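K.L.:
what shape does this take:
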Amino acid sequence: MMEMLIIKPKTEFVVTVEAELTPDLAEMDVDEVKKFKVYYGKDLVELGELFEVTKDGDDKKLLLDGDFSRVKWIGCRMTDGEIVVKGSVGANCGAYMAGGKIVIEGNADDWLGAEMKDGEIIVKGNAANLVGCAYYGDATGMSGGKILIEGNAGNYIGEKMAGGEIEIKGNAGDFIGTEMKGGTIIIHGSCGFVGGDMKAGEIKIGGEFELMPTFVRQEDAWVGDVNVKGEGVVKRL
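P.N.:
Have a look, this model is predicted:
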């Protein structure tokens, strides 16, 4: 068995848990980890009240074993190490991430990899909305790293994205790459509207999609959004 810190929910959560669980916890003693403070709804509680915590070795790796779909901010600001989730995750997983790897065996909620700078996120299931986006009021979304979604994704994928890569093996929703400034989005399936106010970067789509009328057809691609003097590229896979 690999050496790691193992965290399991003790119960089904009635309200959401806000817990910035990162591989840094794996370098702490189990008793310290149990005292790590998290929010359960509006209450500040110790991690050990909500989760079983066990340790097997000293690798910088977290195994989150169970349903974490109501747990927000997993992997937030992580810089290295690895997190494996044997279930689904809540919102903001991998937000502001700067390195390391997150593997989610279930589904991911909104804001996956929001404003991430580096590292790798793999989702075996589906992802919801706002993958790799900028938080409201911020100018720049994802700027580096790679997000791979093996299932489908929702709306507003890569909004304000400036670098890195988002790859979706299935279909996606509407408003893909809105206000995009760099980086690459690859959708193997179909999606809705693409590239609104896109300034730069590249979107590649395997299936059907709807393009804003403010894109100019070139030999093997469309370039725009001309409304914002954009030079973003949309092409077929």
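
K.L.:
what about the nearest residue to K199 once chain neighbours are set aside, how many neighbours?
P.N.:
Distances taken as CB to CB, 6 or more residues apart in numbering put G230 closest to K199, at 4.3 Å, once the chain neighbours are dropped. Glycine gets a C-beta too; all of them are placed from N, C-alpha and C. Other residues within reach of G230, judged by other CB atoms under 10 Å, total 22.

K.L.:
what residues are up against G230?
P.N.:
D197, M198, K199, A200, V223, G224 (CB atoms under 8 Å, 6 or more residues apart in numbering).

K.L.:
where does the protein dip in pLDDT?
P.N.:
Under the criterion pLDDT under 70, the flagged ranges of the chain are 1-3.

K.L.:
which parts of it are helices?
P.N.:
Under the criterion DSSP state H, the chain contains helices at 30-34, 47-50.

K.L.:
I'd say F68 and V84 touch.
P.N.:
No - with contact defined as CB atoms under 8 Å, F68 and V84 do not form a contacting pair (11.2 Å).

K.L.:
quick one, which of the two is more surrounded?
P.N.:
Ranked by neighbour count (other CB under 10 Å), F68 and V84 place F68 first, with 27 against 18.

K.L.:
ok, that one to I176 distance?
P.N.:
According to CB to CB, to the nearest Å, F68 stands 27 Å off from I176.

K.L.:
likewise C93?
P.N.:
Taken as CB to CB, the span from C93 to I176 is 20 Å.

K.L.:
for the residue sitting nearest the centre point of the chain, phi and psi?
P.N.:
Centre of the chain computed as the mean C-alpha position; nearest residue by CA atoms, centre = their mean is L112, 2.4 Å away. Listed backbone geometry of L112 is phi -60, psi 130, with angles given as degrees, to the nearest 10.

K.L.:
residue contacts, it?
P.N.:
Neighbouring residues of L112 by CB under 8 Å, 6+ apart: N92, C93, G94, I121, V123, A127, A128, L130, V131, G132, I147.

K.L.:
ok, what's across the strand from the fourth one?
P.N.:
What it means is I121. Applying DSSP bridges to I121 yields these beta-bridge partners: I102, I147.

K.L.:
surely it and G145 touch.
P.N.:
Yes - using CB under 8 Å, I121 makes contact with G145 at a distance of 7.5 Å.

K.L.:
more neighbours: which of those two?
P.N.:
Each of I121 and G145 had its neighbours counted (other CB under 10 Å), and the higher figure belongs to I121 (28 against 24).

K.L.:
separation between the more buried one and G87?
P.N.:
From I121 over to G87 the distance is 15 Å, taken as CB to CB.

K.L.:
now swap in G182 and tell me
P.N.:
Taken as CB to CB, the span from G182 to G87 is 33 Å.

K.L.:
do V103 as well
P.N.:
Between V103 and G87 the distance is 12 Å, computed by CB to CB.

K.L.:
repeat that for I74.
P.N.:
Counting by CB to CB - I74 and G87 are separated by 11 Å.
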